[in-house]
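S.K.: no FASTA, just this:
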């Protein structure tokens, strides 16, 4: 075991978190392009490519998570509670897992059209992931005020609230009209798709709460 692993610099821990959340943002952007391309014949050819892009970012983030956990438990000292950092990296990893679920649901459920609520939730996911990324980077920036990082976390929670409202509106419209068996099956699939989208943003909210716990710990 090298001395650099035993006594890693403070910046190393935050570099891992920044790199991981960079993958989250990339995954959210790919998911957004995927959702916004549904129903557009010109974008249909990119569907499989975008799903693979989301999965590729998740795989890359998994490697970052594994390296982070290794250095976390090999180090004699850590800049923040080991348990809090471990919880945070797992929460961040969950965001990409949920984005994967959204991407995979497109092919699994045969989703070919996106509603206005789907597109709104995709945009909210990008917004939440971007703010989560900035918050993770801000934790490691000594020039960044803790209250500014906390504000980003609150904005992630706001995005989750808006996503819940969009999902509720979309689901209500799904079941507002009676239809045949095919229409019912479609409604059930779309209901699951909405929930998958919401779960990704809710995972961002959970990760942002972990960051807030760290801010309190280090205040």
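M.R.: Looks like it arrived, so ask away. Note that the coordinates shown come from a computational prediction; the quantities given were computed from them, not determined experimentally.
S.K.: helix or strand for residue 185, which one?
M.R.: Assessed by DSSP states H and E, residue 185 sits inside helix 181-218.
S.K.: quick one: that helix to chain centroid distance?
M.R.: Its chain's average C-alpha position is 9 Å from that of helix 181-218, according to Cα atoms, centre = their mean, to the nearest Å.
S.K.: Stretch 118-135 too?
M.R.: Averaging C-alpha coordinates over stretch 118-135 and over its chain gives two centres that are 8 Å apart (Cα atoms, centre = their mean).
S.K.: What are the buried residues along that stretch?
M.R.: Within stretch 118-135, the residues that count as buried by 16 or more other Cβ atoms under 10 Å are 118, 120-135. Bear in mind the C-beta positions are built from the backbone N, C-alpha and C, glycine included.
S.K.: Check the model's average confidence along it for me.
M.R.: Mean per-residue pLDDT for stretch 118-135: 98.
S.K.: May I have the secondary structure class of residue 113?
M.R.: In three-state terms, and counting by DSSP: H, G, I helix; E, B strand; the rest coil, residue 113 is coil.
S.K.: That one and residue 35: what is the separation?
M.R.: The spacing between residue 113 and residue 35, counted by Cβ to Cβ, to the nearest Å, is 10 Å.
S.K.: Compare these two and say which is more crowded by neighbours.
M.R.: Counted by other Cβ atoms under 10 Å, residue 113 and residue 35 do not tie: residue 35 has more neighbours, with 25 against 10.
S.K.: May I have the secondary structure class of that one?
M.R.: When the structure is split into helix, strand and coil by three-state DSSP, residue 35 lands in helix.
S.K.: Kindly report the same for residue 17.
M.R.: helix.
S.K.: Could you tell me how many residues sit around the nearest residue to it once chain neighbours are set aside?
M.R.: If you skip the residues right next to it in sequence, residue 17 has residue 136 as its closest partner in space, 4.5 Å away by Cβ to Cβ, 6 or more residues apart in numbering. The tally of other residues near residue 136 (other Cβ under 10 Å) stands at 25.
S.K.: In terms of helices and strands, where is residue 136?
M.R.: helix 116-139.
S.K.: in the very next helix or strand once past that helix, what counts as buried?
M.R.: Tracing the chain C-terminally past helix 116-139 and defining elements by DSSP H and E, one meets helix 146-174 next. Applying a neighbour-count criterion of 16+ other Cβ under 10 Å, the buried positions in helix 146-174 are 149-150, 152-153, 155-157, 159-160, 162-163, 166-167, 170-171, 174.
S.K.: And for stretch 96-103?
M.R.: By neighbour count, with 16+ other Cβ under 10 Å as the criterion, the buried positions of stretch 96-103 are 96, 98-103.
S.K.: and the nearest residue to residue 213 once chain neighbours are set aside, how far is that from residue 46?
M.R.: Nearest-residue entry for residue 213: residue 84, 6.0 Å, with adjacent residues in sequence omitted and distances by Cβ to Cβ, 6+ apart. Applying Cβ to Cβ, one obtains 39 Å for the distance of residue 84 from residue 46.
S.K.: And residue 168, by the same measure?
M.R.: Using Cβ to Cβ, one gets 30 Å for the distance from residue 168 to residue 46.
S.K.: Check what pLDDT residue 110 gets.
M.R.: The per-residue pLDDT reported for residue 110 equals 91.
S.K.: So what's the residue count around the nearest residue to it once chain neighbours are set aside?
M.R.: Among residues not flanking residue 110 along the chain, residue 189 sits closest, at 7.3 Å (Cβ to Cβ, 6+ apart). Burial of residue 189, expressed as a neighbour count using other Cβ under 10 Å, amounts to 16.
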